[in-house]
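> Here is my input; please provide its structure:
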Amino acid sequence: MKNKLSATLLSVLTLALCLNATSASAEEKSEFSICWSIYVGWMPWDFGAQQGIVKKWADKYGIKIDVVQINDYVESINQYTAGQFDGCSMTNMDALTIPAAGGVDSTALIVGDFSNGNDAVILKGKKALKDIKGQNVNLVELSVSHYLLARGLESVGMSERDVTVVNTSDADMVAAYTTKNVTAVTTWNPLVSEILSMPDSYKVFDSSQIPGEIIDLMVVNTETLADNPAFGKALTGAWYEIMATMSSDSSTGVAAREYMGKASGTDLAGYESQLGATRMFYTPADAVAFVNSPALKTTMAYVAGFSFDHGLLGEGAADAGFIGIETPAGLFGSDANIKLRFDPAYMAMAAEGKL
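Numbers count the residues shown, from 1 in each chain. This next block holds a predicted model:
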């Protein structure tokens, strides 16, 4: 499940972990590893590994790719940042505030989807977002949930000063909500669905109201990718074969979605409900169009602003543009410190049938 590293831990990890990562990864090699954690948009990696699709594409390019599930989302990104994995599934915000802020030059190789309702603000006994004023809001602090809350508050002329954020682990969120004192939460699916099934619970804001801002990615080490284009080709080819399978209305497609649902702790209906709140880019052409849009640069400016305001860009960050974010529409931030890149090149190869 999506989670987030605290600012304190980030500052401790910044130098110790990441200098090792960049030096260790920059080499030509034949064996690679990626990690993922449970979330609707990342379950395809599990399916692709179990069905041999990732191996098929790795074999095509004469390499090996190990696909590893890590139950703690934060830990998966920490391990990627430390150089223990060549790629990792994460959101755009976390890619900026953990590996990029830690000095690890990272590339969004595959833009898989964006949350289109999977992340939500939920109130107990109240039906409007404005009713959140003065309440404690339980969420994973400094996560995409925190970002969603901030964007929601902006939409009704409020700010974080109007609420009190209570840092709560995603593992404890549902249990916390069942207690009398917890009246407001911000979280993600499948927790959203579980909480909304409880009496007197109302969704008052969700990610469909900020479309395209909470983006789910497969992020890889930029130097590793540059030295090993076969790695990028194999991962991308495997991903879009999986997408073609799971998006099909055939019995094979249904079976794929049912597998992903069960593997994520729900069933076919539950997983398809989560897919309904997710804008999946099933074709590479759709993903390329999204990445090429100027809206992506605008989104990352929002994300960088939030991250800077909350101290997530590192102790040396003087402003929101401290870290350069490269997009096809142009650069946001420092051209002397580019650490996050949205590069559609490999997805474009898939769209053009060149993998």
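
> Next, the closest residue in space to Thr187 that isn't next to it in sequence: secondary structure please.
Leaving aside its chain neighbours, Thr187 sits nearest to Met173 (5.1 Å; criterion: CB to CB, 6 or more residues apart in numbering). Every residue, glycine included, has its C-beta placed from N, CA and C. When classified by DSSP: H, G, I helix; E, B strand; the rest coil, Met173 comes out as helix.

> right, and Met173 touches Val137 too?
No: the criterion here is CB atoms under 8 Å, and Met173 misses it with Val137 at 11.5 Å.

> Find residues that contact each of the two.
Common neighbours of Met173 and Val137, using CB atoms under 8 Å, 6 or more residues apart in numbering, are Val185.

> Per the annotation, how does this structure divide into domains?
As recorded under automatic domain parsing, the domains making up the chain are 7-114+213-351, 119-209.

> Now Tyr282. Its backbone dihedrals?
Phi and psi for Tyr282, reported as degrees, to the nearest 10, are phi -70, psi -30.

> Ignore what I typed, I meant Cys88.
phi -160, psi 140.

> how close does it get to Tyr271?
22 Å (CB to CB, to the nearest Å).

> Repeat that for Ser115.
Counting by CB to CB, the gap from Ser115 to Tyr271 is 15 Å.

> out of the two, which sits in the busier spot?
Taking neighbours as other CB atoms under 10 Å, Ser115 and Tyr271 compare with Ser115 leading, 29 against 24.

> how far away is the more buried one from Arg279?
8 Å.

> Mind naming the longest strand for this structure?
If you go by DSSP state E, the chain has its longest strand at strand 106-115.

> Strands along the stretch 1-150 of the chain, start to end?
For the stretch 1-150 of the chain, strands defined by DSSP state E, counting those that start in this stretch occupy the ranges 31-36, 64-69, 87-91, 106-115, 119-124, 136-139.

> Any chance of a markdown table for those, columns distance to Lys354 and mean pLDDT?
Listed next are those as a markdown table, based on distance: least, CB to CB, whole Å; pLDDT from 0 to 100:
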| stretch | distance to Lys354 | mean pLDDT |
| --- | --- | --- |
| strand 31-36 | 21 | 98 |
| strand 64-69 | 20 | 98 |
| strand 87-91 | 21 | 96 |
| strand 106-115 | 15 | 98 |
| strand 119-124 | 35 | 97 |
| strand 136-139 | 43 | 98 |
